[in-house]
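> Just a sequence and a predicted model for now, questions to come.
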Amino acid sequence: MSSRAPFPEPARTDDLRGLLLDYLDFYRGVVAGKLAGLGDEQLRGSVVPSGWTPSGLVHHLVNVERRWLEWGFLGEQIDRPWRDRAEDDGWVTLELPTAELEAMLDAAAARTRRIVEAHQLTEVSRPTGRFREEATAPQLQWILLHLVQEYARHAGHLDIACELLDGRTGEEG
């Protein structure tokens, strides 16, 4: 990522939209920071029994945002919504260098920010994409909270992988 967002320290705010976007930016930065220390083989290799790779994890995260916001919230028809999922239900590993993976994260951040800033947090997903019934369509604020959870969870997975690969731990490295 072009610049790492600081951790959103506990405070008071009436800006829930900004807070959720700040947390997403922070966790994207954590993921990008972990990638920065990995070589090409480490980006594409796996150190866990399930076989996921750091490159595949980034591909997954970017596509999760796309699925939830473009297909889910906006109700747009998108090409191959599950393109990050392999035939065996694992994740697709991209053979890209760190800079291109970081560019994917940056593009996802910009796209997410554009969508979120153009809508109210209480708006409900359109029933024309991923969600077909208005009664079960989530609000934008729920989707953002889910994306924060998704990034935090997978940043933790990546932290473990990096510890196994080169000993780095924590949000800083």
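That came through fine.

> my read: Leu69 touches Arg111, true?
Yes. With contact defined as CB atoms under 8 Å, Leu69 counts as touching Arg111 (7.3 Å). Where you see a C-beta, it was placed from the backbone N, CA and C, and this is true even at glycine.

> More neighbours: those two, which one.
Leu69 (24 against 15; other CB atoms under 10 Å).

> contacting residues for the more buried one?
111-112, 115-116, 143 (CB atoms under 8 Å, 6 or more residues apart in numbering).

> ok, those vs Arg12, which is closest?
Nearest to Arg12 among the contacts of Leu69 is Val116, at 20.9 Å by CB to CB.

> Please enumerate the helices of this protein.
With DSSP state H, the ranges of helices along the chain come out as 16-36, 40-44, 54-65, 98-117, 140-166.

> Packed most tightly, which of the ones you listed would that be?
Highest mean neighbour count among the helices of the chain (mean count of other CB atoms under 10 Å): helix 54-65, with a mean of 23.

> returning to that earlier point: kindly reformat the contacts of Leu69 as a markdown table and extend each row with pLDDT.
Below are the contacts of Leu69 laid out as a markdown table (pLDDT from 0 to 100):
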| residue | pLDDT |
| --- | --- |
| Arg111 | 97 |
| Thr112 | 98 |
| Ile115 | 98 |
| Val116 | 98 |
| Ile143 | 97 |
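
> now, which of those residues sits nearest Ile160?
Distances from Ile160 to the contacts of Leu69, taken by CB to CB, are shortest for Thr112, at 25.6 Å.

> Nearest residue to the middle of the chain?
Centroid-nearest residue in the chain: Leu61, 3.4 Å away (criterion: CA atoms, centre = their mean).

> ok now do it, which residues does it touch?
With contact set as CB under 8 Å, 6+ apart, Leu61 has these partners: 28, 31, 105, 108, 150-151, 154.

> could you measure Pro49 against Glu95, distance?
22 Å (CB to CB, to the nearest Å).

> For these two, indicate the residue with more neighbours.
Applying other CB under 10 Å to Pro49 and Glu95 shows that Glu95 carries more neighbours, namely 9 against 6.

> In contact with the nearest residue to that one once chain neighbours are set aside, which residues?
Counting by CB to CB, 6 or more residues apart in numbering, Glu95 lies nearest to Arg44, which is 6.2 Å off, once chain neighbours are set aside. Contact partners of Arg44, counting by CB under 8 Å, 6+ apart, are 53-55, 93, 95.
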